[in-house]
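S.K.: Please work out how this folds:
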Amino acid sequence: MSYVLTFAGSNSSVSINYKLAKYTSTLIGDTEVRLRDMSKYPFPMYSQDAEKEDGYSNSLVEFKNEISNAKGLIIAVSEHNSYPSAYFKNVMDWLSRLDVKFLADKKILLMATSNGGRGAIGALEVAEKMITRFQGTVVTSFSLPRFNENFDEQKGITDDELAKVHAEKVSTFVKAIS
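M.R.: Residues are numbered from 1 along each chain as shown. Below you'll find the predicted structure:
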């Protein structure tokens, strides 16, 4: 069975990036979408000591397998001080210890949002470099600035121009995974 795996690079229970990812997943069409709330995945901070002493958690292995079996990924990265969150980097570190090419052949819609006017563009740029390092292909990316002004949980993206650009990006991604 083929599906799209969707998640945010945040472990916050109130993540605006998770809200954007969740909304985006509703626009995929007939393809099954699996939405993962990463606040329910409390991965420890990566260290060689932790890896040696405790190995890999079942949830990490399951998450990696879910990525491997997906035909595409929708990832929304959160931004902390112009970079992806430490949580997102940590998850990438753990996954790469299981398999450095854990994103091989994965087509990805990469997104980011923030309440600022730059829309987490710094995190988006860094995350794209990380993803390509692990053999993933970013088909397209989308940045949503001023989340609180441009997003409503019931309606989605409220700014007409941003909604149009987002819809085009989703369409490009859907075509790439078809």
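S.K.: what's the burial count for Phe63?
M.R.: 22 (other CB atoms under 10 Å). Placement of C-beta: from N, CA and C, glycine included.
S.K.: so where's the chain uncertain?
M.R.: Across the chain, the ranges flagged by pLDDT under 70 are 1.
S.K.: One more pass at 90, please.
M.R.: 1-2, 29, 41-42 (pLDDT under 90).
S.K.: need the strands for it, in chain order.
M.R.: 3-9, 32-36, 72-77, 79-80, 83-84, 107-113, 137-144, 151-152, 156-157 (DSSP state E).
S.K.: do you know how far Pro145 is from Val170?
M.R.: Applying CB to CB, to the nearest Å, the value for Pro145 to Val170 is 18 Å.
S.K.: neighbour count winner among these two?
M.R.: Val170 (21 against 18).
S.K.: and for stretch 96-109, what are the contacting residues?
M.R.: With contact meaning CB atoms under 8 Å, 6 or more residues apart in numbering, stretch 96-109 is reached by 24, 46, 51, 56, 60-61, 64, 67-68, 70-75, 95, 131, 134-142, 169-170, 173, 176-177.
S.K.: quick one: terminal-to-terminal distance for it?
M.R.: With CA to CA, to the nearest Å as the measure, stretch 96-109 spans 20 Å from end to end.
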